[in-house]
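Chemist: predicted model, plus sequence, below.
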Amino acid sequence: MPIELILYIHFSISSILITAFLMLKFWNYRSKKEAKTLALMMLGAFIWGVSSYISNLTTNIRAMIILEKIEFLGVVLISVHWFVFCIQFTEYRYIMQKYIRYFYIIPSITMILLFTNRYHHLMVKSRAFVEVGPLLVANEFYGLWYWVHSLYSYFLFSLGILILLHNKKQLPLVLLKQTNMIIYSIMIPLVLSIIYLFRLNPFYPIDPTLFTFSITGIICYISLYRYKLFRLIPSARAAVAEHMSGLLFVFDNQNNLLDMNKTAENTLCLKSKQYFGKKIQEIDNNYLSVFDKYVNVQSADERITIETNMGTKYYDLKIRPLLDEHHTSMGKFVILYDVTELEHAIQVKSNFLASMSHEIRTPINSIIGFMDLLKTADYKPKEKDYHNIAFKSAEDLLAIVNSILDYSMLEAGKIELGLTIFSLNQLIDEITKMFSIHEKNLEFYCEIDKNVPQFIQGDRDKIKQILTNLLSNAYKFTDSGSVVLKVALINVNKEESLEFSITDTGIGIPDNKIDTIYQRFQQLDMSNSRKYGGIGLGLAIVKELLFLMGGTINVKSTLSQGSTFTVSIPVKGLNIAAEERKEGVSKKQIVCLLAEDNKANQLLVYNIIKKYGYHIDVADNGEEVISMVKIKDYDIILMDLQMPVIDGYEAAKAIRDLEKTSGRRVPIIALTANATKEDMLKSKHAGMDDFITKPLRTKILFEKINQYIS
C-alpha cells in the first residue's frame, strides 16, 4: 500500500476522532450560544471526515455519489456556523442576532439543489470516475450554483475574520493572544481550501483541508476552554447583565427588542425569545409601554412610576446609546432600577421631618418670640445681659435645627421655590444692618452696580438664606480685616442673573480642600468646628439651594489671605416705581383672626398684633374659625395648619366656599413649622395666599400682614 494512502488513512482517522471529541466537549458548554455553535461546526467537520473517508475507500459509484452529498452537508455546516460563532462571540450579537436566520437561506438552497441535481445540474454538470493510484476518484465539472455557494462560504469565512479583527479593539491585552490564535487557526484551512478548489494541491485527490479544520478545532478549544474565554468573554459581562438587580433591555435603532436579562424576564413574566425583534408598541406589557415616550431618546436619567398588579412601582430609568468605535449608533440599552423601597423610605423620612419640624420649632417659636417681645422691657444692666445671652443661645439652637431640617428637606426634594416681587435694595439693607453690628467689628462694605434693578422677581427668602450663610462663613473665618459684598446684574445665556460676590480677608482655603467644602458636615479641619463653631452644613445648603434655583457658585481662595465666593442666581428684573411698592397700612382699625391651638403661640401672636395697634380674635381650632368667619368680617386670617377638630387646610377650603356667595375674599396666611414643597402646594390648593415659617419674628409677621392689607 502506498505511503500516501497510509498517511491519509491515519490522518483521516485522527481528524474524525479529534472532531468527535471536540464536538462533545463544546456540547458540554451548550448553555453558551458560542459553544453550541462551535459544537455544530465540529459536527460538520465530523460528517465531512467520515463521509470523505468512506468515499475514498469504496469503489461503489452509487455509494460514492450519496456520500459526496452527505460530505457536502458537513462543508455547509462549517462555513455558516463559523460566521455565526464570530457574531455571537463579539459585540455584533446585539446588531446581527435577529438577522442570523437569513444566513442559512443559501446553505439550505444548496442542499436542496444538491439532492435534486439530476433535474437541473446546477451543482454538478457532469462527473467521471477515474483511478488515481489505489483510489477511485470522481472528476467533476461544477455547475453555476456550486460556485455561488463556494463564493458565499468564503465570504462568510472572510467576514467572520473581519469581525474578530474589529472586535480586537475592544478586548483587554490578556485576551488578544487567544483571539489571534483563533483567527490564524481558521485562515490555514481557508487557504488550503482555495488551493484544493483550483486543483493546485500536490496531494490531489486527497483534500488536506479537513485535517487543518481539526487543528482549528483544537486551537479554539484551547483558547476558549483552557484560557477560559467562555468564562471571561462574554460570560463575565453576560453574568453581570443576567444577575444584576436592574431590568436590562437592548434595542436596535428601529426600537426592536433584541435582548433582556433574566431579571427583566422574571419581572415582566416574558421570554426574550418570544418577543425577539418586535417593536415596543407590539408588546402588550405595562413595563414596556412606558418606553413609548423614549423611542427617539438616546440618553436619559429619570424616575418613573409603573402601575402593576402589586401596586405602584418606582424605577430609576437610565438610557444609554450603544456606539461603535466610530461613535455610530448601533442601538441603545435601557436599565430600570427598582427604587420603590427607597421612595417609600423617603416618604417616611419626609413625614418624620415634617413632624419633627413642627414639634421642635413650636416651643422654640414661643421662646424666641417672647424674648423678642421682652427686648424693650426695662431691665437692669445685668438682667439685660442675661436676656441677650439667652436670646442668642435660642437663636443658635434654632440655626442648628433649621440647618439640619433644611438640608434634609432639600436632600429629599421637599422644598419648593416661592417666587415673589420684592425690593432687592431693602433685602440688601436688611443684610447689611444684620452684619454691620456683628460682634467682631470687622469692616463691612456693600457695593451695588447701578444697573441692578430695584425690584426683582425671585425667591426672597432663599436668596436671603444664601447670602446670610455665605456672609456668616466669611465673618466666622475672618479675625481681622474686612468683608465685602458686591451685587451686579449679568447676562448668562441671554438670561438675567444676579451675581453676588462675598470677599473676606480670612484664613483662606487650601487648594486640596476646595472640592470638599460643599460636602455636608465638612469643615477645613475638624478642629475648626471647635474653634469657629458650626456643624458644617452652611455651604452644603447654599449649593443645594442654588441647584434648586438654577444658579451656580464658584470660589477663589489664597491660604492665609482670604476667599471670594461668587454666586449667580437667575432672576427677573422689574422696572417698578418705588412709590408703587411703598409699604404702609391705612389708619383704619385692622381686624385679624388667629387660628392656633397652642396657648403659648396664641399669646405670642396676640401680643405682637396688639403691639401694632391691630385688633385680634383667637380661635382654638378650624371649626371655630369657620364659625367666626360666618358672623364677622376679618381683614386677614393667620391660620395654623395643624389643629384639632378641623385642620387649617380644611378650614381654608371651607372659608373659600363661603366667599363664593359673599363675594368677599380675605387673605389667609398659613403659620407653619413645615416649609416643605408638599405643605406649600397643599396650602395653596386649599386657598391660602401665603405662609410664614415658625418661629415667628415680630418684624416678619408685621411685614407680611402689611403686604396683604395695604
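Modeler: Cool, got the structure.
Chemist: what residues does stretch 20-32 touch?
Modeler: 35-36, 38-39, 42-43, 46, 214, 217-218, 220-221, 225, 230, 235 (Cβ atoms under 8 Å, 6 or more residues apart in numbering). To be clear about C-beta, it is placed using only N, CA and C from the backbone, and glycine gets the same treatment.
Chemist: okay, who's weakest in these by pLDDT?
Modeler: Taken together, the contacts of stretch 20-32 show their lowest pLDDT at residue 230, with 50.
Chemist: coming back round to it: among the contacts of stretch 20-32, which one lies nearest to residue 539?
Modeler: residue 235 (46.9 Å; Cβ to Cβ).
Chemist: re earlier: and which of the contacts of stretch 20-32 is nearest to residue 628?
Modeler: residue 235 (75.4 Å).
Chemist: where does the record place the domain boundaries for the chain?
Modeler: Residue ranges for each domain of the chain read 3-235, 244-338, 344-411, 420-578, 580-709, as given by automatic domain parsing.
Chemist: can you redo those as JSON lines with mean neighbour count?
Modeler: Below are these laid out as JSON lines (neighbours: other Cβ atoms under 10 Å):
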{"stretch": "domain 3-235", "mean neighbour count": "17"}
{"stretch": "domain 244-338", "mean neighbour count": "15"}
{"stretch": "domain 344-411", "mean neighbour count": "15"}
{"stretch": "domain 420-578", "mean neighbour count": "16"}
{"stretch": "domain 580-709", "mean neighbour count": "18"}
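Chemist: so residue 127 sits in a helix?
Modeler: No: Residue 127 sits outside any helix when classified using DSSP: H, G, I helix; E, B strand; the rest coil, being strand.
Chemist: report the beta-bridge partners for it.
Modeler: Applying DSSP bridges to residue 127 yields these beta-bridge partners: residue 140.
Chemist: now for the helix or strand harbouring residue 51, which elements pack on it?
Modeler: Assigned by DSSP states H and E, residue 51 falls within helix 33-57. Packed against helix 33-57 by the contact rule (3 or more Cβ pairs under 8 Å, 6 or more residues apart in numbering; DSSP states H and E) you find helix 3-28, helix 61-89, helix 209-221.
Chemist: tell me where the stretch 601-710 of the chain has helices.
Modeler: For the stretch 601-710 of the chain, the helices defined by DSSP state H, counting those that start in this stretch occupy 622-631, 648-662, 677-685, 698-709.
Chemist: of all those, which one is nearest residue 547?
Modeler: helix 677-685 (14.5 Å).
Chemist: what's the angle from the closest one to helix 648-662?
Modeler: 20 degrees (axes from the mean of the first three to the mean of the last three Cα atoms, to 10 degrees).
Chemist: centre of the chain to helix 677-685, how far?
Modeler: From the chain centre to the centre of helix 677-685 is a distance of 28 Å (Cα atoms, centre = their mean, to the nearest Å).
Chemist: packing partners for that helix?
Modeler: Applying 3+ Cβ pairs under 8 Å, 6+ apart, one finds that helix 677-685 contacts helix 340-373, helix 648-662, strand 668-672, strand 690-693.
Chemist: which residues does the most centrally placed residue in the chain contact?
Modeler: Nearest to the mean C-alpha position of the chain, by Cα atoms, centre = their mean, lies residue 301 at 3.7 Å. Each residue near residue 301 by Cβ under 8 Å, 6+ apart is listed here: 316-319.
Chemist: go on, residue 156?
Modeler: With Cβ under 8 Å, 6+ apart, residue 156 has these contacts: 79-80, 82-83, 103.
Chemist: doesn't residue 442 make contact with residue 475?
Modeler: Yes: at 6.5 Å, residue 475 counts as touching residue 442 under the criterion of Cβ atoms under 8 Å.
Chemist: tell me, what's touching those two both at once?
Modeler: residue 483.
Chemist: partners of the helix or strand where residue 258 lies in the sheet?
Modeler: In the assignment (DSSP H and E), residue 258 maps to strand 257-260. In the sheet, strand 257-260 lines up against strand 247-251 (antiparallel) (DSSP bridges).
Chemist: contacts for the strand it pairs with next, please.
Modeler: By Cβ under 8 Å, 6+ apart, the surrounding residues in contact with strand 247-251 are 94, 241, 257-261, 263-264, 267-268, 280, 287-288, 291, 315, 322, 331-338.
Chemist: cutoff 7 Å now
Modeler: Residues from elsewhere that reach strand 247-251 (Cβ atoms under 7 Å, 6 or more residues apart in numbering): 94, 241, 257-261, 263-264, 267, 331-336.
Chemist: again with stretch 387-397
Modeler: Taking Cβ under 7 Å, 6+ apart as the rule, stretch 387-397 contacts 364, 367-368, 371, 374, 379.
Chemist: before we move on, back to that, can I get the helices and strands packed on helix 33-57 in CSV with distance to residue 539?
Modeler: Converted to CSV, these look like this (distance: least, Cβ to Cβ, whole Å):
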stretch, distance to residue 539
helix 3-28, 61
helix 61-89, 52
helix 209-221, 60
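Chemist: of those helices, which approaches residue 504 most closely?
Modeler: Closest among the helices and strands packed on helix 33-57, using Cβ to Cβ: helix 61-89, at 62.4 Å.
Chemist: what's the mean pLDDT across that closest one?
Modeler: pLDDT averaged over helix 61-89 gives 86.
Chemist: show me which strand runs longest in this protein.
Modeler: Assignment by DSSP state E gives strand 311-323 as the longest strand of the chain.
Chemist: output the contacting helices and strands for the helix or strand following that one.
Modeler: Counting by DSSP H and E, the element after strand 311-323 in chain order, helix or strand, is strand 329-338. Contacts defined by 3 or more Cβ pairs under 7 Å, 6 or more residues apart in numbering; DSSP states H and E place strand 329-338 against helix 93-96, strand 247-251, strand 311-323.
Chemist: now do 10 Å
Modeler: For strand 329-338, the elements it packs on are helix 93-96, strand 247-251, strand 257-260, helix 262-268, strand 300-308, strand 311-323, judged by 3 or more Cβ pairs under 10 Å, 6 or more residues apart in numbering; DSSP states H and E.
Chemist: direction-wise, compare the fifth one with helix 340-373 and give the angle.
Modeler: In this structure, strand 300-308 runs at an angle of 110 degrees to helix 340-373, with the same axes, to 10 degrees as the basis.
Chemist: compute the inter-axis angle for strand 300-308 and strand 311-323.
Modeler: 140 degrees.
Chemist: 47 is where my numbering starts, stick with that
Modeler: Taking 47 as the first residue, the last one we looked at is strand 346-354.
Chemist: so, low pLDDT: which residues of the stretch 97-246 of the chain?
Modeler: Applying pLDDT under 70 to the stretch 97-246 of the chain flags the ranges 137-144, 176-184, 215-224, 242-246.
Chemist: can you rerun that using 80?
Modeler: For the stretch 97-246 of the chain, the stretches flagged by pLDDT under 80 are 102-105, 134-145, 173-186, 212-228, 230-231, 234-246.
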